[in-house]
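Engineer: Got a sequence here, can you model it:
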Amino acid sequence: MKDRQLIQNNSENIDANPITNKIELSDINSDINAKKSEDKRSFIEKWEQSPYWLVSGSYKVLHSIWMVFMAVGMFLAWLIALLAT
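Structural biologist: Below is the predicted model:
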């Protein structure tokens with residue numbers, strides 16, 4: 001019974017004030033878009049900025065290992081290119 005009354009009241013409000021309903025819909029859309037933009041962060045960003053020290057610490061350790069690995073790889077690539085010429 002209450003659901004029918006709410007539907008009737010909403011339909012009456014929509015017919016009576018179409019401008020205010022557009023504003024309300026745009027507010028709802030902006031809230032939805034704000035929530036979506038928060039979720040657009042990548043896994044790496046979430047992992048790096050985690051409030052838990054173990055999670056963010058594991059990111060820093062693995063990131064450091066990866067940087068050293070890449071530096072060694074770049075040096076070897078440079079060395080091979082130097083010796084090949």
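
Engineer: pLDDT weak spots in the chain?
Structural biologist: Counting by pLDDT under 70, the chain has low-confidence residues at 1-39.

Engineer: Pop the domain breakdown of it in here.
Structural biologist: Annotated domains of the chain cover 1-40, 42-85 [automatic domain parsing].

Engineer: Neighbours of Ser42, how many?
Structural biologist: Residues lying near Ser42 (other Cβ atoms under 10 Å) number 8. For every residue, glycine as well, the C-beta is placed using N, CA and C.

Engineer: Ok, Phe75 next?
Structural biologist: Number of residues near Phe75 (other Cβ under 10 Å) recorded here: 10.

Engineer: wait, what's in contact with Lys40?
Structural biologist: Not one residue lies near Lys40 by Cβ atoms under 8 Å, 6 or more residues apart in numbering.

Engineer: in this protein, which spans are helices?
Structural biologist: Using DSSP state H, the helices of the chain run over residues 2-16, 18-39, 43-48, 53-84.

Engineer: Would you quantify the distance from His63 to Met70?
Structural biologist: Per Cβ to Cβ, to the nearest Å, His63 is found 11 Å from Met70.

Engineer: and for those two, which residues touch both?
Structural biologist: With Cβ under 8 Å, 6+ apart, His63 and Met70 have no common neighbours.

Engineer: dump the residue contacts of Ser56.
Structural biologist: By Cβ under 8 Å, 6+ apart, the contact list for Ser56 reads Trp47, Glu48, Gln49, Ser50.
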